[in-house]
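Engineer: Sequence below, structure please.
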Amino acid sequence: MSILPFPNSSSEPTPLRPPRPAPGPVAVGTRAGDTSEASGVSEAELLALHVGESCVRLENRFDELLPLLKSLGPVVALTRNAFAVHEKRGVYRHLEAQGSEARFLGEEFELRLFLSHWRHAFAFQEGESKYGRRSLQFFDEAGAAIHRIVLEEGSNIAAFERLVAEFASGEQSPRLGLSPRGLAATPLPDIAVDVQGLRRAWLALRDTQAFHWMLRRFEVTRVQALRLVGSDLARAVDPSALLWTLERARDRGISLRISVGNRGSIQSHLGHVQTVRSMGAWLSVQDPGFKLHVRTDPIASAWVVRKPTVDGVVTSVELFDAEGEPLALLSGNRKSGQPELSSWRALTEELARKLALPEELP
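Structural biologist: Predicted structure coming up:
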């Protein structure tokens, strides 16, 4: 059964003719894609309106699809949340998968995926040029964006067409079966938290990946844990810490790990930054192969966070909105088995001194 509106991989790419303007990126200025919510539909539903014209629904066989992403060659990976967008040019190399989690591990690009939240997938071509922009787009059960892969000059269009042919769903209607997101577990009130137990567990950490499970064990949110654990482990700093940190890391030539995530994807740039700009409410990094856009006015709290590991203490700068959702996380770029960069540690110690907020009384 042939249901592909995309050109055959053996022929020269031909344009797809959208009968209406193609949906572009949803604004990230407000939580959970307010642009789509304001119209009463999700981002996935907006895209699905083009099924059969410039859009193909894909089967959600993600365990089979992920290993094939390498064949696309260099592409732009895009992960965003309500207030931050992370774009990284790279190749989807070195896949590791276990259960509902998967990771791509590259020299300058890493991606961690939580596949239990992946529900809907589409291949999309926008623009009327015969080389119209092609992308793969993934959404959660409520239709919110999780991850996007955009082909560019140098990408393998033939591999893209083969992938679409292999994974095209037999159901090519614009109707989606969406469901509301499950409610997050209610954290304990501060007074009920075993703060000393939390602190002991924190100090016993040997891997930053165990941090999430520690929070679940003590039934606390991330920001709640930062508030309670003690300023030697988590120090509140002014929200201007993001610009302060990026500018000084740039000027001092410090290699960074810069991560932006949502419930289904965490994407990281590994390397230096060169061009840092602050434009009104927006802060941007615009470097070859890497772009970061963060809206700074929703940053409600920023923290210098220290976590023990088998390689020694590692330090991060973490930023959250008013609801405690993470916007972005910065740390020194290092490989497993290596200690933290001394230059990064010195920078974060300086940050904790110069931009520290007054400690709240218990």
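
Engineer: mind listing what A302 touches?
Structural biologist: Applying C-beta atoms under 8 Å, 6 or more residues apart in numbering, one finds that A302 lies in contact with A236, V237, D238, P239, S240, A241, L242, V317, E318, L319, F320. Just so you know, the C-beta spots here come from the backbone N, C-alpha and C atoms, and that holds for glycine as well.

Engineer: where does it land in three-state SS?
Structural biologist: Using DSSP: H, G, I helix; E, B strand; the rest coil, the structure places A302 in strand.

Engineer: Against E219, how distant is it?
Structural biologist: From A302 across to E219, the span is 24 Å (C-beta to C-beta, to the nearest Å).

Engineer: The residue nearest to H94 when sequence neighbours are not counted: neighbour count?
Structural biologist: Distance criterion C-beta to C-beta, 6 or more residues apart in numbering; nearest residue to H94, sequence neighbours excluded, is L105 at 4.3 Å. By the criterion of other C-beta atoms under 10 Å, L105 has 15 neighbours.

Engineer: quick one: L105 from G99, how far?
Structural biologist: On the measure of C-beta to C-beta, L105 and G99 end up 17 Å apart.

Engineer: Can you show me the strands along the stretch 101-250 of the chain?
Structural biologist: Remark: strands assigned in the stretch 101-250 of the chain by DSSP state E, counting those that start in this stretch are 101-105, 109-114, 120-126, 133-139, 145-151, 234-237.

Engineer: can you list the weak-confidence ranges in the stretch 151-300 of the chain?
Structural biologist: Counting by pLDDT under 70, the stretch 151-300 of the chain shows no low-confidence range.

Engineer: who's in contact with the residue nearest to D238 when sequence neighbours are not counted?
Structural biologist: Of all residues not flanking D238 in the chain, L355 sits nearest, at 4.3 Å (C-beta to C-beta, 6+ apart). L355 makes contacts with V237, D238, S240, A241, W244, as judged by C-beta under 8 Å, 6+ apart.

Engineer: repeat for F62
Structural biologist: For F62, the contact set (C-beta under 8 Å, 6+ apart) comprises A102, L115, W118, A121.

Engineer: for the closest residue to L49 other than its chain neighbours, what are its contacts?
Structural biologist: In space, L49 comes closest to P174 once its chain neighbours are excluded; the distance is 5.3 Å by C-beta to C-beta, 6+ apart. Neighbour list for P174: E45, A48, L49, H50, V51, G52 [criterion: C-beta under 8 Å, 6+ apart].

Engineer: Need the pLDDT of the first one.
Structural biologist: pLDDT for E45: 94.

Engineer: Check the gap between it and F62 for me.
Structural biologist: Look at E45 and F62: by C-beta to C-beta, they are 20 Å apart.

Engineer: what kind of secondary structure is the nearest residue to K70 once chain neighbours are set aside in?
Structural biologist: Excluding the flanking residues, the one nearest K70 by C-beta to C-beta, 6+ apart is Y92, at 5.1 Å. Here Y92 is coil, with the state taken from three-state DSSP.

Engineer: Give me the pLDDT value at Y92.
Structural biologist: Value for Y92, per-residue pLDDT: 96.

Engineer: again, but for F6
Structural biologist: F6 is assigned a pLDDT of 39 by the prediction.

Engineer: One more: the one 4 residues further on?
Structural biologist: pLDDT, the model's per-residue confidence, is 32 for S10.

Engineer: quick one on the thing from earlier: can the strands of the stretch 101-250 of the chain go into JSON lines with extra columns for distance to R263?
Structural biologist: JSON lines is the format used below for the strands of the stretch 101-250 of the chain (distance: least, C-beta to C-beta, whole Å):
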{"stretch": "strand 101-105", "distance to R263": "13"}
{"stretch": "strand 109-114", "distance to R263": "7"}
{"stretch": "strand 120-126", "distance to R263": "14"}
{"stretch": "strand 133-139", "distance to R263": "11"}
{"stretch": "strand 145-151", "distance to R263": "8"}
{"stretch": "strand 234-237", "distance to R263": "23"}
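
Engineer: Of those, give the one that comes closest to D190.
Structural biologist: The minimum distance between D190 and those falls on strand 234-237, with 14.4 Å, by C-beta to C-beta.

Engineer: got the CA positions of the closest one in CSV?
Structural biologist: C-alpha atoms of strand 234-237 as CSV (Å, rounded to 0.1, in the frame of the first residue of the first chain):
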residue,chain,number,x,y,z
ALA,A,234,22.9,24.1,46.7
ARG,A,235,23.4,27.9,46.8
ALA,A,236,20.7,30.2,45.5
VAL,A,237,22.0,32.9,43.2
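
Engineer: How far away from the center of its chain is it?
Structural biologist: Here the centre of strand 234-237 is set off from its chain's centre by 23 Å, with C-alpha atoms, centre = their mean, to the nearest Å.

Engineer: next one: stretch 224-235
Structural biologist: On C-alpha atoms, centre = their mean, the centre of stretch 224-235 falls 24 Å from that of its chain.

Engineer: Run a quick neighbour tally on the residue lying closest to L69 once chain neighbours are set aside.
Structural biologist: Nearest non-adjacent residue to L69, counting by C-beta to C-beta, 6+ apart: Y92, 3.8 Å away. By other C-beta under 10 Å, the residues close to Y92 number 21.
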